[in-house]
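Novice: Just the structure for this:
(one chain, ligands or ions: 2)
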Amino acid sequence: MSGTEAVVVQVPAAGDMQALGVRLAGLLRAGDLLVLTGDLGAGKTTLTQGIGEGLKIRGPVTSPTFVIARVHPSLVDGPALVHVDAYRLGGFAELDDLDLDASLDDSVTIVEWGEGLAEGLAEDRLEITISRGPAGASEQRAVKIIGVGPRWAAALDDLAW
Ligand SMILES: Nc1ncnc2c1ncn2[C@@H]1O[C@H](COP(=O)(O)OP(=O)(O)O)[C@@H](O)[C@H]1O
Ligand SMILES: [Mg+2]
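Specialist: Ligands and ions are numbered 1, 2, ... in the order given. Predicted coordinates:
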C-alpha cells in the first residue's frame, strides 16, 4: 500500500482506550493531525485523554461543552495538544475561523467530530473511527486507525497492536 495504512484495535474497556492513547502518543510529533469519528460516548475524549497523558501536556482534557478548541501546553518541552470539538461547528468557514493553521505545525491537533470537515487542514493525518460492539453486549470498542499521506505511509507498520 502507498500512502494509506489501516489498523484495527479491539479495546475492551475505558482504561484500555486510555492506554491506547498513551501508546499512540508515542508515535506523535508536532504537526500531526488526528480526526476522530464516533457516536456520542464512543470514546473520542477518552482516547484524547490518553494521548494527552502520553504527550505530557497540562490537563485536564475534558469534553468541551462551551469551548470549541482548547490548547494544552506541554509540561516537558514537547508539542502542545490542541483539542477541538467540532460538533457545534456549522461548516468549514467556522473551522477556519479557529485559525488551527496557526498552531498546527507546533502542536498535535485532535479534532473530535471532524469527519468531513477537518481533513482539509492537512494532507497527512490519522483518521480514527471508534465503533461500539453489539448493542448492550459489552464496553468493547473497535478503533480503526487509518494513516493518510506520506507521513503515515510506514509509521503504523511497525506497530504490533
Ligand atoms: N472500551 C471503552 N472505550 C472508551 N470508553 C469507554 C469504553 N467502555 C466504556 N467507556 C465509557 O464510555 C464513555 C466515553 O465517553 P467519551 O470518551 O466522552 O466519548 P466521546 O468523546 O466519543 O463522546 C466514558 O464514560 C467511558 O468511561
Ligand atoms: Mg467527546
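Novice: how about the strand or helix carrying Gly15: buried residues?
Specialist: Using DSSP states H and E, Gly15 sits within helix 14-25. Neighbour counts over helix 14-25 (16 or more other C-beta atoms under 10 Å) mark 16-22, 24-25 as buried. C-beta here means a position set from N, CA and C on the backbone, and glycine is covered the same way.
Novice: out of those, which one sits closest to Val71?
Specialist: Ala25 (16.5 Å; C-beta to C-beta).
Novice: so what's that closest one up against?
Specialist: Ala25 makes contacts with 50-55, 108, as judged by C-beta atoms under 8 Å, 6 or more residues apart in numbering.
Novice: go on, Asp106?
Specialist: Here Asp106 is in contact with 30-31, 79-80 (C-beta under 8 Å, 6+ apart).
Novice: sorry, back to before: what element comes up after the helix holding Gly15 heading to the C-terminus?
Specialist: strand 33-37.
Novice: Starting from that next one, tell me which strands it pairs with and how they run.
Specialist: In the sheet, strand 33-37 lines up against strand 107-112 (parallel), strand 125-132 (parallel) (DSSP bridges).
Novice: a markdown table please, covering those strands and showing mean neighbour count.
Specialist: Converted to a markdown table, these look like this (neighbours: other C-beta atoms under 10 Å):
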| stretch | mean neighbour count |
| --- | --- |
| strand 107-112 | 27 |
| strand 125-132 | 20 |
